[in-house]
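1. this one's structure only:
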């Protein structure tokens with residue numbers, strides 16, 4: 001039985017929001033989270049849902065002290081995007097007689113209480129400090145086309161300036177994910193999935209009622225799926241398909257549970273030596289040979305720490321025992337010898353002609369490389385952002401850059417006994 005959401009004017013919310021958003025609507029209604037990150041492709045109804053939520057939320061008597069601010073990066077795009085979207089929501093809910101919309105300044109005012117929706121371009125994050133409301137506080141904040149903003153720091157500054165002075169808040173972020181997997185916005189949303197106060201949703205046009213989108217929209221989507229599947233995946237399915245420059249397209253960045261780790265039997269460990277600015281990097285992983293899946297779940301990275309000290313950390317904090325093999329970069333023979341003297345079963349990586357390319361190809365051939373971003377943030381970041389060297393025209397070559405790859409080298413060393421045996 002479908003849940004019934006009813007406005008006081010007898011307009012059913014079932015006719016205003018897509019079914020894919022029913023659960024999120026209930027979550028907001030129960031005040032279960034603060035941040036709602038909505039991603040997806042064209043026609044997924046993200047913006048429609050958010051505009052309905054802001055209007056209906058502000059009209060509730062218990063929210064009479066709450067105002068809203070809606071941002072686009074470029075102010076000139078406000079009128080034809082979020083302003084029009086709010087106008088649509090008011091019309092859809094049949095509450096136009098209760099709202100006054102103006103374009104100079106760009107505002108939507110709820111007449112019974114004087115609550116305001118303020119529309120702002122974000123040329124500079126500092127400008128958010130100048131936002132003032134006549135009473136109460138800003139309880140709703142929406143970043144539309146989230147990937148167009150200037151980065152995580154800019155978003156943080158706005159939130160710090162706007163989200164203050166009240167008891168509870170709702171912050172929406174909406175976007176069609178950029179094509180590049182290493183884009184800051186894609187990376188930001190990946191990290192948001194790990195926060196307990198955040199809901200991350202991904203929807204597509206396939207979850208929207210066909211009659212809402214129209215036959216032409218559906219036909220265009222299906223035609224693109226036929227002639228250019230990659231473009232269809234990005235534009236309509238909202239998938240970060242990559243730009244062709246990513247070295248690893250087989251990554252799964254997620255939490256690896258304690259229960260999973262408890263089942264890992266044979267573990268592999270590696271070390272890439274470093275001092276400064278290059279870091280020392282240790283990692284531990286498990287390889288599921290039958291499924292060709294590599295799980296990386298431990299890392300230790302530091303600068304300017306001597307060999308005796310890093311050895312103690314590995315033994316004391318990561319339980320590296322005397323018989324646990326740790327495969328290390330062979331370019332520092334003295335460091336390998338130091339580790340053996342300190343009671344670590346260190347062995348130098350064999351390397352040899354073509355070893356880098358063969359080890360990289362083996363990693364790329366795996367069905368999945370699963371990396372825990374909480375336990376291994378540096379490893380997850382390097383693997384995600386590692387791209388082929390580009391030529392002068394900006395096209396990817398087949399060369400691997402020798403920079404920002406400390407965890408990748410460590411992984412090659414750790415797994416050398418597997419991929420070298422395979423190629424023997």
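-> Arrived safely, thanks for sending. Because the structure is a prediction, the values reported are computed rather than measured.
2. alpha carbons only for contacts and neighbour counts from here, please
-> Fine.
3. the helix or strand harbouring residue 117 pairs with which strands?
-> Counting by DSSP states H and E, the element that carries residue 117 is strand 115-121. Take DSSP bridges as the rule and strand 115-121 pairs in its sheet with strand 66-72 (parallel), strand 106-110 (antiparallel).
4. can you list the buried residues in it?
-> 115-121 (16 or more other C-alpha atoms under 10 Å).
5. run through the neighbouring helices and strands of the helix or strand following that strand.
-> Going down the chain from strand 115-121, the next helix or strand is strand 137-144, by DSSP H and E. When contacts are defined as 3 or more C-alpha pairs under 8 Å, 6 or more residues apart in numbering; DSSP states H and E, strand 137-144 sits against strand 66-72, strand 170-175.
6. contacts for strand 137-144?
-> Contacts to strand 137-144, defined as C-alpha atoms under 8 Å, 6 or more residues apart in numbering, come from residues 47, 54, 65-72, 82, 162-166, 168-175.
7. check these for burial and list the buried ones.
-> 47, 54, 65-72, 82, 162-163, 168-175.
8. which residues of the stretch 301-424 of the chain score low on pLDDT?
-> Scanning the stretch 301-424 of the chain for pLDDT under 70 picks out the ranges 422-424.
9. show me where it has its helices.
-> For the stretch 301-424 of the chain, the helices defined by DSSP state H, counting those that start in this stretch occupy 307-317, 333-341, 355-365, 377-385, 406-414, 416-423.
10. may I see the buried residues of the second one?
-> Buried residues in helix 333-341, counting neighbours by 16+ other C-alpha under 10 Å, are found at 335-336, 339-340.
11. do the last one as well
-> Buried residues in helix 416-423, defined by neighbour count with 16+ other C-alpha under 10 Å: 416, 418-419.
12. from the contact counts, what lies against it?
-> Helices and strands touching helix 416-423, by 3+ C-alpha pairs under 8 Å, 6+ apart, are helix 355-365.
13. ok, and what's touching the helix it packs on?
-> Helix 355-365 is touched from outside by 247-250, 369, 412, 416, 419-420, with contacts defined as C-alpha under 8 Å, 6+ apart.
14. let's see that with 7 Å instead.
-> With contact meaning C-alpha atoms under 7 Å, 6 or more residues apart in numbering, helix 355-365 is reached by 248, 250, 412, 419.
15. measure the second one to residue 82 for me?
-> Yep, that's residue 250 we're talking about. Going from residue 250 to residue 82 by C-alpha to C-alpha, to the nearest Å gives 36 Å.
16. any idea how far residue 161 lies from residue 174?
-> From residue 161 over to residue 174 the distance is 20 Å, taken as C-alpha to C-alpha.
17. swap that for residue 309, please
-> Taking C-alpha to C-alpha, one finds residue 309 at 46 Å from residue 174.
18. what's the helix or strand where residue 232 lies in contact with?
-> In this assignment (DSSP H and E), residue 232 forms part of helix 229-235. Helix 229-235 is contacted from outside by 41-42, 179, 224-225, 239-241, using C-alpha under 7 Å, 6+ apart.
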